[in-house]
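Enquirer: one predicted model, sequence on top.
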Amino acid sequence: MAFVRIWVHAVWATKGRQPLLTGALRGSIYQHILENAAAKDLYIAELNGGTEHIHCLMCLKPDMSIAKQMQLIKGESSYWINKQGIIPTRFDWADEYFAASVSEQELGWIKNYIRNQEQHHRKLSFAEEYDSFLKNAGIVGG
């Protein structure tokens, strides 16, 4: 048996970064994502975001690629949102996402960061935040 624990901080947005995740709707979507993940034996430690994006701290399953795990979360949740008709137009997540590994030592900081998204985004827009993730990870020039 393999013993693996790989923490991943993933961030994704609504298609076109439309601010569709508002009020009680956001809570319903978060709850569904958490329940769906648990049903698929995916562990999500923290989930929060803003009106156009979600942050997720999760463990990557040892037998699954990050692309597959993200598809299970994003794809199923957009299917559910559309099936429920809880948004008056067709709902889609953006194709792109950011995902980076997180060390055990960073878990507390990342959990706190995700929990405090509303406060954080009073100072920094999602676009600025996302760009900084890409720059800090060395994905794009800075």
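Expert: That came through fine.
Enquirer: by contact count, what packs against the longest helix anywhere in the chain?
Expert: Using DSSP state H to define each element, the chain has its longest helix at helix 66-84. The contact analysis (3 or more C-beta pairs under 8 Å, 6 or more residues apart in numbering; DSSP states H and E) places helix 66-84 against strand 6-14, helix 23-39, strand 53-60, strand 93-102. For glycine as for every other residue, the C-beta is placed from the backbone atoms N, C-alpha and C.
Enquirer: now it: buried residues?
Expert: Within helix 66-84, the residues that count as buried by 16 or more other C-beta atoms under 10 Å are 66, 69, 70, 72, 73, 74, 76, 77, 78, 80, 81.
Enquirer: so the first one sits against residue 56, correct?
Expert: What it means is residue 66. No. Residue 66 lies out of contact with residue 56 (C-beta atoms under 8 Å); the separation is 11.5 Å.
Enquirer: quick one on the thing from earlier: with pLDDT as added columns, please give the buried residues of helix 66-84 in TSV.
Expert: Below are the buried residues of helix 66-84 laid out as TSV (pLDDT from 0 to 100):
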residue	pLDDT
66	96
69	97
70	97
72	96
73	97
74	97
76	96
77	97
78	97
80	97
81	97
